[in-house]
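Colleague: Sequence first, then the predicted structure, then my questions.
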Amino acid sequence: MEPDAVVIVLVTWPGGSDPAPFAAALVEAGVAACVNVLPEMESIYRWEGRIERARERQILVKTTAGCLEPLRQQIAGRHPYQVPEMLVVETAAGGEGYLRWVRESTGQPG
């Protein structure tokens, strides 16, 4: 993947706690152009051999492939989970103006 490729990174956050400071820190650090915080949802997952249920929020991080390593470091240092979600979704296309804005906002050329 080229460093200026625009990607969306999925991160879950525990329900009942405010993810806004985390989201703002990602934008302030320049590793995200935009972070969307979705309403609480119910998650069902396997953890340590058991089926668990929890309230969580989905966070969508708009960034570039060149920012993935510093973003990973920010998530590792700021996220309350032992194993935080970080799933990278490649974008196939998008509005040229929006893609340019994401690249400029994260310090990527193009």
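Modeller: Cool, the structure landed. Numbers count the residues shown, from 1 in each chain.
Colleague: surely Gly94 meets Val6?
Modeller: Yes: Gly94 is within contact range of Val6, at 6.4 Å (criterion: Cβ atoms under 8 Å). (C-beta placed from N, C-alpha, C; glycine too.)
Colleague: So for the two, which sits in the more crowded spot?
Modeller: More neighbours surround Val6 than the other of Gly94 and Val6, with 23 against 12 (other Cβ atoms under 10 Å).
Colleague: show me what contacts Trp8?
Modeller: Quick fix: residue 8 reads Ile, not Trp. Leu60, Val61, Lys62, Thr63, Val88, Val89, Thr91 (Cβ atoms under 8 Å, 6 or more residues apart in numbering).
Colleague: Report the secondary structure state of the residue lying closest to the fourth one once chain neighbours are set aside.
Modeller: Setting aside the residues directly before and after it, Thr63 is nearest to Ala32 in space (Cβ to Cβ, 6 or more residues apart in numbering), at 4.9 Å. Secondary structure state of Ala32, per DSSP: H, G, I helix; E, B strand; the rest coil, is coil.
Colleague: okay, which residue is most central for this protein?
Modeller: With distances taken as Cα atoms, centre = their mean, Val61 lies nearest the centre of the chain, 3.4 Å away.
Colleague: What about the closest residue to Glu90 other than its chain neighbours, how many residues nearby?
Modeller: In space, and not counting its chain neighbours, Glu90 is closest to Val7: 5.7 Å by Cβ to Cβ, 6+ apart. For Val7, the neighbour count with other Cβ under 10 Å is 19.
Colleague: how close does Gly30 get to Arg72?
Modeller: Separation of Gly30 from Arg72 (Cβ to Cβ, to the nearest Å): 14 Å.
Colleague: likewise Arg103?
Modeller: Distance, Arg103 to Arg72, using Cβ to Cβ: 19 Å.
Colleague: Ala24 now?
Modeller: Taking Cβ to Cβ, one finds Ala24 at 18 Å from Arg72.
Colleague: Which one's more surrounded, those two?
Modeller: Neighbours per residue (other Cβ under 10 Å) separate Ala24 from Arg72, with Arg72 holding more: 15 against 12.
Colleague: All set now, cheers.
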